[in-house]
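**Student:** give me coordinates for this.
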Amino acid sequence: MAEISQHAMRRRAVVGEMRHLLFSVTPGAAWIVIFLVLPSAYLMGVAFMTNGPYGLPEMPLTLDAFERLAGFGFLGWSPGNLYTLLRSLWQTLLSTTLVVLVAYPIAYYITTCRERWRPIMLLAVVVPSWTNQVIRTFGWMNLLAPGTPISELAEGLGLIAPNMGLYPSNFAVTLGLVYNFLPFMVLPLYAAFEKLDTAQVEAAQDLYASPVRAFWHAVFPQTLPGLLAGIVLVAIPAFGMYVIPELLGGGKGMMLGNLVATQFSGGSNWPLGAAGAILMLIATFIGLFAMRRIGKRLGGGEEVVI
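**Tutor:** Below you'll find the predicted structure:
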C-alpha cells in the first residue's frame, strides 16, 4: 500500500508539473502561432499564387511572383528590383556600421561615469525612441529641409547645390536609420562593457600594446556578444524598413520594405509583395545564422547566443 501511495503521489506531482508547464507555455505559444506562424504561412501561400485582375491572389499556383521579383516581366529582364535589393543591403550595411562606430564610445563613456549618473544617461539615449517613429522622422524632415541651418552649412561647404537641402536624399535615409537604431546598439554594448574585465586591458597596457591593439585583443573579444546582439537588433529591422526611406528618401531611395508595401497598396500585386516579404524572412534567417557562426569563430570556438 505504501508503494502504491508513493507512486500515486509521484504521478500527481508529474501531472501537476505538466499542467503548470502547459498553462505557462500556452499563452506565449498561442501568440507566436497566431501572430507569427499563421501570417508567415499565409504569405507563403499567397506568394505562390497567381496575381488576379485586381491584384488579389487566385489559383493556380505559379512562380510568377518570384520571377517578377527577380526582374523578369513581359518585356524581358529589368534590373529595377535587383537595384532595390542591393540598395537595401547597402543601406543596411552602411547604417549598421555607422551605428556601431557611434554606439561604442557612447556605451564606453556611460560605463566610466559615476554609478548614479548611468541610469540618467541611458534614459537620455532611450527616451527619444519612446516617441512615435513617424513623428521623429517628420522632425528630421524639418531639420534637413532647404533653408535650415544644417542645410545651409552643407551648402556653404559645397556638399549640396544652393536651395536644395539635405532632404530628400540617401544621406537623409542613412541619418534617419542611424538615429532610429542607435539605442538598440548602445544598450547591449553597455551591458557588455559593464562586465568588462579591466585586468586584461591593464595587462595589455603593461605589455606596451598600442591603444588599437589593446582594444582589439582585450576589449573587443569581451564586448563581442553585445556587439553581435546589437547588430542583429539593428540590421534585421533596417533591412525591411519602410517609414524612414519613404519619408526621408522622398521616393528616391526605395528599399525592399517600400517595394513590399507598394505591392499591397498602389501596386496591387499581392503575390509579388508576399514574395518580397518571404525574401526578407530568408534574409533574417541567413543573418542570424551568419552572426552565430561569426560569433563562434571570433569567440574562440565558443558559440555566442543571439
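
**Student:** could you pull out the strands for the stretch 51-200 of the chain?
**Tutor:** Applying DSSP state E, counting those that start in this stretch to the stretch 51-200 of the chain gives strands spanning 57-61, 72-73, 76-77.

**Student:** distance from the chain centre to the helix or strand of the chain with the lowest mean pLDDT, please.
**Tutor:** Here the helix or strand of the chain ranked lowest by mean pLDDT, DSSP states H and E is strand 76-77, holding a mean of 71. In terms of Cα atoms, centre = their mean, to the nearest Å, the centre of strand 76-77 is found 32 Å from the chain centre.

**Student:** what's it in contact with?
**Tutor:** residue 71 (Cβ atoms under 8 Å, 6 or more residues apart in numbering). Heads up, the C-betas are built off the backbone N, CA and C, glycines and all.

**Student:** what of stretch 84-97?
**Tutor:** Contacts for stretch 84-97 (Cβ under 8 Å, 6+ apart): 170, 173-174, 177-178, 181, 231, 234-235, 238-240, 245, 253-259, 279.

**Student:** adjacent strands (with direction) for the least confident helix or strand of the chain?
**Tutor:** Sheet pairing here is set by DSSP bridges, and for strand 76-77 it gives strand 72-73 (antiparallel).

**Student:** quick one: average pLDDT of the partner strand?
**Tutor:** Mean pLDDT, strand 72-73: 77.

**Student:** please apply the same query to stretch 51-67.
**Tutor:** Stretch 51-67 comes out with an average pLDDT of 84.

**Student:** hang on, the earlier thing: pick the most deeply packed of the strands of the stretch 51-200 of the chain.
**Tutor:** Across the strands of the stretch 51-200 of the chain, the average number of neighbours (mean count of other Cβ atoms under 10 Å) peaks for strand 72-73, which reaches a mean of 14.

**Student:** centre of the chain to it, how far?
**Tutor:** Centroid displacement of strand 72-73 relative to its chain, using Cα atoms, centre = their mean, is 30 Å.

**Student:** how about stretch 107-118?
**Tutor:** The gap between the average C-alpha position of stretch 107-118 and the chain average comes to 26 Å, counting by Cα atoms, centre = their mean.

**Student:** next: stretch 243-258.
**Tutor:** Per Cα atoms, centre = their mean, the centroid offset for stretch 243-258 relative to its chain is 16 Å.

**Student:** can you show me the CA trace of that stretch as CSV?
**Tutor:** What follows is stretch 243-258, C-alpha atoms only, in CSV (Å, rounded to 0.1, in the frame of the first residue of the first chain):
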residue,chain,number,x,y,z
VAL,A,243,8.8,54.6,-42.9
ILE,A,244,12.3,56.2,-43.0
PRO,A,245,13.1,55.5,-46.7
GLU,A,246,9.5,56.6,-47.6
LEU,A,247,9.6,59.9,-45.8
LEU,A,248,13.3,60.9,-45.9
GLY,A,249,14.0,59.3,-49.2
GLY,A,250,11.1,61.0,-51.0
GLY,A,251,10.8,58.2,-53.4
LYS,A,252,14.5,58.4,-54.4
GLY,A,253,15.8,55.6,-52.3
MET,A,254,13.2,52.8,-52.3
MET,A,255,14.1,49.8,-50.2
LEU,A,256,12.7,46.3,-50.0
GLY,A,257,10.2,47.3,-47.4
ASN,A,258,8.8,50.1,-49.6
